[in-house]
Every structure is written in C-alpha cells, then in structure tokens.
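1. With the input below, show me the fold.
(chains A and B)
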Amino acid sequence: MKVTLPDGKTIDLPEGGSAFDVARQIGPGLAKAAIGGIVSGGVVGDGNDGHVVDLHAPLQGDCHLSLLTTKDEDAESLLLLRHSTAHVMAEAICKLFPETKLAYGPPLEDGFYYDLDCPQVITPDDFARIEEEMARIIKEDRRFTRYDLDRSEAMSKLEGEGNRFKVDNAERAEGDVLSFYITGENRGTDFEDLCRGPHIPSTGRIGAFKVRQVSGSYYRGDVNEQQLQRVYGTAFFKKKSLRVWEQRLIEAQKRDHRMLGKQLDLFTISPDVGSGLVLWEPNGAIVRMMLENFIKAELILRGYKPVFTPHIGRLDLYRTSGHYPYYEDSQFPALYETDRGRMLLCLRNLVKRAQEEHAGPRQDEATGKVRIFATAIQSVFDDLTEFDPSADLENQRQVVEDALMHEEGYLLKPMNCPHHIHIYKASPHSYRDLPVRLAEFGTVYRYEQSGELGGMVRVRGFTQDDAHIFCTPDQVSDELRNTIELTQLVLSTLEFKDYRVRMGMRDPDSDKYTGDPKLWDRAEQQLRDITADMGIDATEEKGEAAFYGPKIDFVVKDCIGREWQLGTVQIDYSLPERFDISYVGTDNCDHRPVMIHRAPFGSMERFVGILIEHFAGAFPLWLAPIQVAVATISEKSLEYGRKVHDQLAEHGVRVILDSGSDKIGPKKHRLRAQKIPYILVVGENEAAEETVNINDRDGATMGSFPLANFVEWCFIEIQTKGRSRHESLTARERSS
RNA sequence: GCUUCUGUAGCUCAGUGGUAGAGCGCGUCCUUGGUAAGGACGAGGUCAUGGGUUCGAGUCCCAUCAGAAGCUCCA
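-> Residues are numbered from 1 along each chain as shown, chains lettered A, B, ... in the order given. This next block holds a predicted model:
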C-alpha cells in the first residue's frame, strides 16, 4: 500500500505495515521518537479523517500519514501521552487502593484526570505514593497492548468484573467490537482497561508527570448521580517541560486578582459584610469610576438616556417577568410583607424539605412538622381551609404555593429589565421615538451557590453597565450592530485581544425558555446574520441562551484558564409580550417593540477583576489609581518635590509625594511595587533645572525632562487612554 | 449545594500536645542620601468561631463560619 507523508513523498508499505514501519523507513531517529500517527484519507478505524492511531497498529490501505513524536509542543502528541499516563495513574491507584472502581479517564488541554469510585478518601498526602507507584510502572517500560472483543463477549467480561461504570461506558460505545488496553503484554495479570485508545507504545515514553489535585465529580455530570473522586495529573515527554509548566502556573498565580486586589488595596470582601459582596477600596473605586466615565461618554454620544431605579421591586413585578419564583433558589429570600406571607413561605419550605426526604421515619417527622405548622396557620389566620394534611406532599405544596401567589412582598432585584420596562411604559411611544435606549449602572443581587463564589468574578451583588433598547423589528439589526461595536470598542480600548464570541442559543429539549418558538428562531437567525455580516468569528452553543432570548457573549479567560462572560448582547421578544408594552406605528395601531439587553462590560465587579489580571495590576495611565509618584532624593529637594506634586495635582493628575527618609533605591522599589506608572525622581539637580527624572514601574529610567513637558505628555497620554504616548515616556531599554 | 484541602501579626508563611515565631510592611531614631531593598529600636496575636478530649490544645476530635481547587449551577 501507498502511504503519503505530509511533505508529499510516498512510501510503499507491505500489507499490515504500521506507522512504526513508516518511521523506520524514514530513519532510526524518527523510529525512536515516534509514538503514534495521524491518518487521513484512508480506511482506518472508523474511517474518520485525522484519526490518531497506535504506532504499531496495521494501517488499513492507502492513506496520508503524519507521525506523532515525543514533542511537548505538539498538542496531539501530548493528548496521546496524557491519555496513557491516566492509565498508569489508574493502575497505581488501583494497586494502592484495591477496592477502586474506575469510571472515566480522559486527557485534557493541560493534563488528564481519572474519575473513580474508591471507598478510601484520596488526599494530597497520597500523591507521593501514587507518583512512586507510577514511576515504577514507567521504569518497567511496559508496552500498551490492545485486544478486541466482540460486544457480547466484552459485555459479559465487564459484567463479571462488577464495575457498573465500565458496563455503562461499554453500552454507550459505538460499534460491534470493544477494545481493551493492557499496560503490559500479559493478559489477565497486567493492568487493563476498557478503552477506545489510542495509546503511546510503552510507559517508558512518559518523561515527566505529576499528580496535581483531587476533587469530587458527579458521574456523567449529573448531580443526582453518585459522586466520584476525580484525580488530576499532567505529563510531558521532557522533564524540562514540566518545570516550565509549573513555573508558568506560579507566574499566572501572581496575576490573580484576589492576590493583587489585596496587595494594591483595590477591593476587599469581608465575611462580616457577607460572602460575595465586594467592598471597593479607594484604589479600586478609581479604576471603576474611570471605566464608568469612559462608557458614560460613549453612551451619550450613541443616544442612550440615563435612568436610575431602586434596588428592590415588588414580587408581582418579577412574577410578571418570570424571574419569580422560577429563579427563587438563586435569589436572596423574598421579603414578604405580611406575617401570613412569611408563615406560608415557611410552610412551603417545610413541605419542600419533606418532599426531599426519602420515605421513612425522617420523612414522617418532616410531614409531622408540616401538619403542626399548617394547623397553626389555619387557626392563627383563620385561613388555609383548603389545606388537607392527609393529601400527598405535592398536592399540599400546590395549595400553599397558590396561597403564596397572592401575597405581597419585595425582592432584591436580580435584573434591571423590569424596572426599565416600567420607565418605558410610563409614557406612550410612537414609532417616531424609537429606538428608546435606557441606560443605568444597575446593581443586582443573586444568591449564587456558595461553591461558586470567587473573588470579584462570581459574586452575589454586582453592578451591570446595563441598558435596554426598545425598538421596532426593523431596527433590530442596526441596534445589534451598534451594541456589538460598542462592546468591541470597550475591549479594544482595554487592549483585550484574546477573547472569543459565543452565540447562546436555546436548547429545544429544555422547558426553561419562554416565548413563541417562531420568534426564537427569528432572533437566533438575526444573531447569526449580524455576526456573519460583521465578520465576527462566533461559536454557536445550544442551551446557553437566556430564558427570554438568545445572546452574544464576549468571553475571556482568567489567570488560571477559566472562561468568564464579560460583555453580552441579548435579543428579547418575550418580555415585551409579558409586560404588554407597545408603540403606535405608522398605521396608528399598537405594535409590540423588540427589546435588546446589553452590557458591554457585563458586571463592573467581574470586568475589573479580569482587568486586574489582564494588566497584572499595572493599569494604563488613565486607569491607574495613582498615576505619578514624586520621589525626593533628600530633604534638600523636598520643597521642589512639593512644587512638582502640586503642579501635577492642579492639572488633575493623581499624584503622591514620597518624601520619606529612605534612600532613592529602596524608595523606588516600594513605589514600583505599587505599580505606579511614572516615578519622578527629584534631587538638587532637578530642582536647579526645573526638570524631573522620569522612571517607569518596570525599572527603566527615561532621563530628565522639563517639568512642563512631562505635565503635557501625561495629559495627552491620559486623554487618549494610552493610544498616544510621547516617545520620551517610552523606555527604549529595560534595565530588567 | 457536593467532594477534598486550608484558616497563626496588615501581607506571605514557619511552628513535634508543654513559654507565640520569621521575612516584608508599619512606627520612632540614626543616617541627608542619585536610581532594585542602609542601620538600630519598637508596636502589632482571643492561633477563624463555638464545643469536646487531655494535667495541659495553635497542634487531636466534632460543629459552624470563611477561603481555595474541581464538580454542578449561572437571568
């Protein structure tokens, strides 16, 4: 058969030849380095193009082949290596904890994990033992050996082993033949695992590895399923790569906004105030204020009208919008106005708790409490006659919820849209007024699960740079374009280049969405059209839509690679319907407007959190909490230092004077640690010449320039948000 | 919410069941200095909180609160 290589050359191979044989023909070096192949254009395995195959698997006829080698730079090679390392780790864990049942162990972008069910709790203390065991397996350089069984034979083998996860995996696998990999060559005695493969040729190819962490995971990602232990690790071909990777992790952690937030006094979160509630310290507040000022100016230019609305609203408002009680679990508890309302809520919770108990004495106790409480409400309020303590719990719950439905109360607002809709409703609108664009930095509260909270990026109270656009169906495209452009402007101004755009569509199988499917289809198509038209590379993701409409999200990664949604643009045909809002058209009839929800920053908390990491705390001049520090050489230059400070302050520059008794070296060191963009050293020479000696926070010294020039350069750099920076302020050489 | 880990000075962290520690930061003094850490002295602690075991608990056990990683969720 003919095997075509990436450079176009072809190699003749006898039937049954493998990728290894190809490598050997090319050269002994390659044969030694090869660990697998990528086959395309031939009939191999399931016939998919770009299929990775075992190095020693026979090739199935003419094909294109590129060889995978022990290169840490090659993502495919690493996936192969890490998948195999997962097997090695699984074997090590099974040896140490023989009762372990393996579930699922895939490679990841930067490592691998294995989900397993083990009666003993695996803790970081066990990692050293696991690694020792793994090192032994690797030293033995055991060959990964594949064997196939037909489905029925495989199933009875797996059922015999009594591992329900593997039986389940096998049932879900496609094809009539299931494959197993032995870590070694002795079937029956060496470790083996049901596995689709492929694998590296032998364990000896694993050059460096590390067991990283352990955590819980739900089997098949289902909260109602059994919780397994997930052990994470990573692997490389070369030891040096592992060291580089570890070093990069450490570097990344230095950018962590929680760390920098403390160091630079940007924000704090106090358990005394409440978890997930951000306290902006003066330094962080300046960054936020500058961002707000920036976008406020843009909003005025783009025809937005500022509005202000309160932090709470009536429950009925959110019953209408669909937020309550649908999102009840992720909201701070409703504030019912009457004792009856509060009691009914309490009764409802008791019923819910009873429902969650499994039948038995605990449930009997819970239903007993329900009965006592219901009787109390009935006699105290002379009410709730329709409640039947002998009815089933679901029925009881329905009765209580119906009674609750008419109770008045308030909710901390989880979204700004209902308030804005009522501003729209406050006056009649004709098609001539549209689009109406109402903008507000609106603070909303959501009771996020405790395990989700993190720094500023996932919190329970946050401020959206929110606006709602009410427009005619014809205006949707233009408005979408404008809002997307505004979001792009925000990202480019803040020098974000590495972000992705996600179109969140509805999941047709879910019941969480409101509104007419035809309008959904229309809205989704409008999103596709506008991104295509604007040349935006966007991925479509099912199930990522809001309950009222599809959306476009701008997503960035934090310092440890987790993705976060910042800006968002959402089309909404549902809420206008629910709130029955309208405008008068050219035909003098009422028509339904379309709403666009949009927030270019998303939330100020999350955005600033990500921004801290993006700049590693070294904000551009226009955002820096302290823009300039004046550092005196000695008391002899103190008077001049004051003059420099005052002159900058008069020009609106945020400047501090450091006249402490440190020598200039340590003084600069401390100011640099505060990430102040410019440090002006002033001594007797500068005082005599009315100059300042300019230094930046990275350690470069730009030299001495007249004070008046520096003031002007600073002014320009601030005004242009860093797009224009005088060449004298740009370090040509870094001293570090 | 679930699993695991963690909680000691303002920050970063040591600490073997037997007197509470370091570096940085902070304050005072000496030094009046020229670009990556000068010197001396000092203040600063209910060892997250509440129970328990023990002659004795920062250390062991339980609970609560908070934080981290992952899972699940995210209007």
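2. Look up how far RNA strand B lies from residue A:142.
-> Taken as Cβ to the nearest atom of the strand, to the nearest Å, the spacing of residue A:142 relative to RNA strand B amounts to 29 Å. (Each C-beta comes from the backbone N, C-alpha and C, glycine too.)
3. How about the contacts made by that residue?
-> A:183, A:184, A:185, A:190, A:202, A:203, A:204 (Cβ atoms under 8 Å, 6 or more residues apart in numbering).
4. ok, now residue A:27?
-> With the criterion set at Cβ under 8 Å, 6+ apart, residue A:27 makes contact with nothing.
5. And the pLDDT for the closest residue to residue A:298 other than its chain neighbours?
-> Of all residues beyond its chain neighbours, the one nearest residue A:298 is residue A:486 (6.4 Å), with distances taken as Cβ to Cβ, 6 or more residues apart in numbering. Each residue has a pLDDT score; the one for residue A:486 is 98.
6. With pLDDT and neighbour count added, can I get the contacts of residue A:142 in CSV?
-> What follows is these, written out as CSV (pLDDT from 0 to 100; neighbours: other Cβ atoms under 10 Å):
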residue, pLDDT, neighbour count
A:183, 96, 22
A:184, 95, 19
A:185, 94, 11
A:190, 96, 16
A:202, 96, 19
A:203, 97, 24
A:204, 96, 14
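7. Show me the two of those residues that sit farthest apart.
-> Spatially, the most separated pair among these is A:190 and A:204, at 14.9 Å (Cβ to Cβ).
8. which residue does the stretch 401-550 of chain A bring closest to RNA strand B?
-> When Cβ to the nearest atom of the strand is the measure, the stretch 401-550 of chain A has its nearest residue to RNA strand B at residue A:451, with 2.0 Å between them.
9. any idea which helix or strand carries the residue nearest to residue A:298?
-> Using DSSP states H and E, residue A:486 sits within helix A:476-493.
10. Do any residues in the helix or strand following that helix lie close to RNA strand B?
-> Using DSSP H and E, the next helix or strand after helix A:476-493 towards the C-terminus is strand A:500-505. No - Strand A:500-505 stays clear of RNA strand B (Cβ under 7 Å from any atom of the strand), getting no nearer than 7.6 Å.
11. got the contact list for strand A:500-505?
-> Residues from elsewhere that reach strand A:500-505 (Cβ under 8 Å, 6+ apart): A:524, A:527-528, A:531, A:536-546, A:550-555, A:565.
12. The same query, at a cut-off of 7 Å, please.
-> By Cβ atoms under 7 Å, 6 or more residues apart in numbering, the list of residues contacting strand A:500-505 from outside reads A:524, A:527, A:531, A:536-542, A:544-545, A:550-555.
13. okay but residue A:87 is in contact with residue A:183, surely?
-> Yes - contact between residue A:87 and residue A:183 holds when scored by Cβ atoms under 7 Å: they sit 5.7 Å apart.
14. Now for the residue of the stretch 501-650 of chain A found nearest RNA strand B, how many residues are close by?
-> In the stretch 501-650 of chain A, the residue that lies nearest RNA strand B is residue A:634 (2.2 Å; Cβ to the nearest atom of the strand). Here the neighbour count serves as a burial measure; for residue A:634 (other Cβ atoms under 10 Å) it reads 13.
15. Same check on residue A:16?
-> Quick note: residue A:16 (other Cβ under 10 Å) scores 10 neighbours.
16. quick one, what contacts it?
-> Contacts here follow Cβ under 7 Å, 6+ apart; on that basis residue A:16 touches residue A:58.
17. and it, what helix or strand is that in?
-> Take DSSP H and E as the rule and residue A:16 turns out to sit in neither a helix nor a strand.
18. I'd like the distance from it to residue A:35, if you could.
-> 20 Å (Cβ to Cβ, to the nearest Å).
19. returning to what we had before: just to be sure, which of the contacts of strand A:500-505 are found in helices?
-> Where the contacts of strand A:500-505 overlap with helices, as defined by DSSP state H, the overlap consists of A:524, A:527, A:531.
20. Can you read off the backbone torsions of the residue in the stretch 1-150 of chain A positioned nearest to RNA strand B?
-> When you check the stretch 1-150 of chain A against RNA strand B by Cβ to the nearest atom of the strand, the closest residue turns out to be residue A:123, at 4.1 Å. Note on residue A:123: its backbone torsions stand at phi -120, psi 170 [degrees, to the nearest 10].
21. how near is it to residue A:129?
-> Plainly put, residue A:123 is 11 Å away from residue A:129 if you go by Cβ to Cβ.
22. Repeat that for residue A:464.
-> 49 Å.
23. out of those two, which sits in the busier spot?
-> Here residue A:464 and residue A:129 are compared on neighbour count by other Cβ under 10 Å; more neighbours surround residue A:464, at 23 against 15.
24. Let me see the contact set for that one.
-> Counting by Cβ under 7 Å, 6+ apart, residue A:464 touches A:416, A:442, A:444, A:599, A:602, A:603.
25. how about the helix or strand the second one falls within as PDB, C-alpha atoms only?
-> Element membership for residue A:442, per DSSP H and E: strand A:436-445. What follows is the C-alpha trace of strand A:436-445 in PDB, where atoms were taken according to Å, rounded to 0.1, in the frame of the first residue of the first chain:
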ATOM      1  CA  VAL A 436     -35.600  54.200  23.100                       C
ATOM      2  CA  ARG A 437     -32.300  53.400  24.900                       C
ATOM      3  CA  LEU A 438     -32.400  53.400  28.700                       C
ATOM      4  CA  ALA A 439     -29.100  53.100  30.400                       C
ATOM      5  CA  GLU A 440     -28.200  52.500  34.100                       C
ATOM      6  CA  PHE A 441     -25.400  51.200  36.200                       C
ATOM      7  CA  GLY A 442     -27.800  48.900  37.900                       C
ATOM      8  CA  THR A 443     -26.800  46.900  40.900                       C
ATOM      9  CA  VAL A 444     -28.400  43.500  41.100                       C
ATOM     10  CA  TYR A 445     -28.400  40.700  43.700                       C
END
